[in-house]
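Peer 1: sharing a sequence plus its predicted fold:
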Amino acid sequence: MPIKKVEVVPFLEKWICDSCGKGEMESVNIQLLSNPPKTKHICNNCGKVEYSLGAYPTYVFVEKKKPVVRKPRTRKQKQTGKP
Ligand SMILES: [Zn+2]
């Protein structure tokens, strides 16, 4: 079983409130006894209550890609009009 170590970049995934669009939904330690269980979240701006399968905010790890090496341009490109 070959094991490979891969460099990753950590991200914090935040659930933005659907209701006010400004606040972040924060999980509280209450679960609905549904199947599968859902976690209660409360918006830290407007107080809206929502339930979701996962708990937010949550950490996700994205594989770090090798930087793309570009060849330097030999000729200057014509500049287009800036907006
Ligand atoms: Zn809100």
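Peer 2: Arrived safely.
Peer 1: all strands for this structure, in order.
Peer 2: For the chain, the strands defined by DSSP state E occupy 8-13, 15-16, 24-32, 38-43, 49-52, 58-63.
Peer 1: which of the ones you listed sits most buried?
Peer 2: strand 38-43 (a mean of 19; mean count of other C-beta atoms under 10 Å). No exception for glycine: its C-beta is placed from N, CA and C like everyone else's.
Peer 1: mind listing the strands it pairs with, and their directions?
Peer 2: Each strand paired with strand 38-43, and its direction, by DSSP bridges: strand 24-32 (antiparallel), strand 49-52 (antiparallel).
Peer 1: what bridges to L32?
Peer 2: Beta bridges link L32 to K38 when assigned by DSSP bridges.
Peer 1: quick one on the thing from earlier: mean pLDDT lowest for which of the strands paired with strand 38-43?
Peer 2: In terms of mean pLDDT, the lowest-scoring of those is strand 24-32 (a mean of 92).
Peer 1: hmm, back to that, need the strands paired with strand 38-43 in TSV (columns: distance to the ion).
Peer 2: Output for these, formatted as TSV (distance: least, C-beta to the ion, whole Å):
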stretch	distance to the ion
strand 24-32	8
strand 49-52	9
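Peer 1: can I get the ones you listed in CSV with distance to I42?
Peer 2: Output for these, formatted as CSV (distance: least, C-beta to C-beta, whole Å):
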stretch, distance to I42
strand 24-32, 6
strand 49-52, 6
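Peer 1: re the thing from before, now the strands of the chain as a markdown table including distance to K71?
Peer 2: Converted to a markdown table, those look like this (distance: least, C-beta to C-beta, whole Å):
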| stretch | distance to K71 |
| --- | --- |
| strand 8-13 | 26 |
| strand 15-16 | 40 |
| strand 24-32 | 43 |
| strand 38-43 | 48 |
| strand 49-52 | 46 |
| strand 58-63 | 25 |
